[in-house]
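**Student:** okay, structure incoming, though there's no sequence with it:
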C-alpha cells in the first residue's frame, strides 16, 4: 500500500465514523478555549475539565483574569502539571490580550505565539477549533500515530515537520478534523505503552513503525 492509499483509507474511515468531532476540552469562548488548551500541555483533558469550571467562574474572560494575582490563579490550577509556570502565563497572557489585542483572542499564528505560554501547537488548536482554519496541531498523540501508521516518513523528526507533512497530504477541508481524529485514535487505541492493536480498525494496513517516534 502506498502512502497516498494509506491516507485515503484512514481518512475515509474517519469521515464515515466520526464526521463530527472536536476537542474534548470544555469551554464557552475563544478565551476559555485558549486557557484550557494552555493548561492541557502535558496534562489530561479530563483533569483540565475538572478544574476549569471553578477557574472560569472566577475568571471567565481576559479582563477578569488580567486583574488577578498569579497566586490567586495558582489556587485553581495547582493540580495540573507545572502549575507555577502556567498560572504565571495565564495572567501575563490575559494582560497582553487586553493591552495589545483589545480584549480579543487573535486569530493568526504570529499574534497567538506572541502570548506568554502559547506555542505553535496551542495556536493551531485555537485557529482550527475556534476560527475554523485548516491548521494541524501536533501533540504527542498525533506525532506518535503519524509515525506508527506510516503517514509521515522518519525524516519528519519534529512536531513541526510532522505538521507540515500532514498538511500537504490531507485535504484542507479535513485538516481541522484530522487533528482530532489522530489525537483520539492515539489517546484511546494507539496508546504509547500498550497500543490496542486488536481493537484497531487499521490493524491490517498498519506498518506498526513503533520505533519511529522520538516521543516514545
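**Tutor:** Looks like it arrived, so ask away. All figures in this text were calculated on a predicted structure; none of them were measured in a lab.
**Student:** can you list contacts of stretch 154-170?
**Tutor:** Outside of stretch 154-170, the residues within contact range by CB atoms under 8 Å, 6 or more residues apart in numbering are 3-4, 7, 11, 120-121, 124, 134-139, 142-143, 146-147, 151-153, 175, 178, 209, 212, 214. Bear in mind the C-beta positions are built from the backbone N, C-alpha and C, glycine included.
**Student:** measure residue 147 to residue 134 for me?
**Tutor:** For residue 147, the distance to residue 134 (CB to CB, to the nearest Å) stands at 22 Å.
**Student:** between those two, which one's more packed in?
**Tutor:** Taking neighbours as other CB atoms under 10 Å, residue 147 and residue 134 compare with residue 147 leading, 24 against 16.
**Student:** shouldn't that one be in contact with residue 206?
**Tutor:** No. Counting by CB atoms under 8 Å, residue 147 stays clear of residue 206, with 11.3 Å between them.
**Student:** domain map for this protein?
**Tutor:** According to the TED database, the chain is divided into the following domains: 30-130, 136-209.
**Student:** nearest to residue 15, out of the ones you listed?
**Tutor:** With CB to CB, the closest approach to residue 15 among those belongs to domain 136-209: 7.3 Å.
**Student:** quick one: mean pLDDT for the closest one?
**Tutor:** The average pLDDT within domain 136-209 is 94.
**Student:** just how off-centre is it within its chain?
**Tutor:** When distances are taken as CA atoms, centre = their mean, to the nearest Å, domain 136-209 is centred 13 Å away from the chain's centroid.
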